[in-house]
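Student: here is a sequence with its predicted model. Questions after.
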Amino acid sequence: MDLGVVHQLEFVPLSPGGWRLCDRSVSSNDPASVVAYVEERRGALTVVWLVGQRAPSRAADLGEVLLQAIDRVSRPSQPRARPFPIPHRAPLMG
């Protein structure tokens, strides 16, 4: 585990049971400083990631969220690929 990454991540409370996970190595004025949004419901945490794959995930506690965040922040970013072209039909002539 990279302890430098751990020390740059911070949970910012938004509401009871809601946090924003921020990367302090990025300016707080920069939207890229937000790594994830975390919400607690019925004893489980739902995490909406803004770094890496953007699929929501679940975690048992904030420590688990932190470990997942370290993994995401530590990975080199992948360049975005061009989207696959969508085949189109020619317009109907009638």
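Tutor: Great, that's in hand.

Student: shaky segments in the protein?
Tutor: Low-confidence segments of the chain, defined by pLDDT under 70: 1-7, 76-80, 94.

Student: 90 instead, please
Tutor: 1-8, 23-33, 41-44, 51-56, 68, 70-94 (pLDDT under 90).

Student: and residue 55, what does it touch?
Tutor: Contacts for residue 55 were tallied using C-beta atoms under 8 Å, 6 or more residues apart in numbering; they are residue 49. (Each C-beta comes from the backbone N, C-alpha and C, glycine too.)

Student: how close does it get to residue 28?
Tutor: In this view, residue 55 and residue 28 are 26 Å apart by C-beta to C-beta, to the nearest Å.

Student: show me where the protein has its strands.
Tutor: Chain-ordered strands for the chain, with DSSP state E as the definition, fall at 9-15, 18-23, 34-41, 44-49, 57-59.

Student: tell me what angle the longest one forms with strand 44-49.
Tutor: For strand 34-41 against strand 44-49, the angle between stretch directions is 160 degrees (axes from the mean of the first three to the mean of the last three C-alpha atoms, to 10 degrees).

Student: note down every partner strand of strand 34-41 and its orientation.
Tutor: Partner strands and pairing direction for strand 34-41 (DSSP bridges) are strand 18-23 (antiparallel), strand 44-49 (antiparallel).

Student: contacts for that strand, please.
Tutor: If you take C-beta under 8 Å, 6+ apart as the criterion, strand 34-41 is touched by 9, 11, 14, 17-23, 45-51, 59, 62, 65, 69, 72-73.
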